[in-house]
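Enquirer: With the input below, show me the fold.
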Amino acid sequence: MRASVAATDGWVDPDGFRAPAGEVHAWVRGTNQTVCGVPLHRAGLRRFSHVDWSDAQPATGRDADRVTSVCRRCAAGMGQRRDERPWRRTNPRP
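Expert: Sure, this is the predicted structure:
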């Protein structure tokens, strides 16, 4: 699934590019809510349809200069794991 970003705030860099700031959520275009179920209008979230979800991650994203936090429920809905390692059973039951 490909998602864009909805954020609590935004800023404009010197080149005129709008970027997300504050807390970011994953948002699928064409819907009125985030992946975790937060309604965009009621929560006061701004849409950034030109910014992909992967670009808003503070660890690796290019548009995450002023992102303070990432919604954990949205991250889980987009497939991010807590420890970033695939789960594997080490001692299966008979």
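
Enquirer: can we go C-alpha only for contacts and neighbour counts from here?
Expert: Noted.

Enquirer: And the helices in this structure, which stretches?
Expert: 40-43, 72-77 (DSSP state H).

Enquirer: Show me which residues of the last one are buried.
Expert: By that I understand helix 72-77. Across helix 72-77, burial judged by 16 or more other Cα atoms under 10 Å covers 74-75.

Enquirer: Could you list every helix and strand in contact with that helix?
Expert: Taking 3 or more Cα pairs under 8 Å, 6 or more residues apart in numbering; DSSP states H and E as contact, the helices and strands that helix 72-77 lies on are strand 18-27.

Enquirer: what comes into contact with the strand it packs on?
Expert: For strand 18-27, the external contacting residues (Cα atoms under 8 Å, 6 or more residues apart in numbering) are 3-13, 33-36, 48, 51, 53, 56, 63-71, 74-75, 78.

Enquirer: just how off-centre is that strand within its chain?
Expert: Its chain's average C-alpha position is 7 Å from that of strand 18-27, according to Cα atoms, centre = their mean, to the nearest Å.

Enquirer: and if you look at stretch 48-61?
Expert: Averaging C-alpha positions (Cα atoms, centre = their mean) puts stretch 48-61 7 Å from its chain's average.

Enquirer: mean pLDDT lowest for which of the helices of the chain?
Expert: Between those, the one with the least mean pLDDT is helix 72-77; it has a mean of 91.

Enquirer: mind checking how far residue 61 is from residue 53?
Expert: Taking Cα to Cα, to the nearest Å as the measure, residue 61 falls 9 Å from residue 53.

Enquirer: Mind checking which of the two has more residues around it?
Expert: Neighbours around residue 61 and residue 53, counted as other Cα atoms under 10 Å, are more numerous at residue 53. The numbers are 24 against 14.
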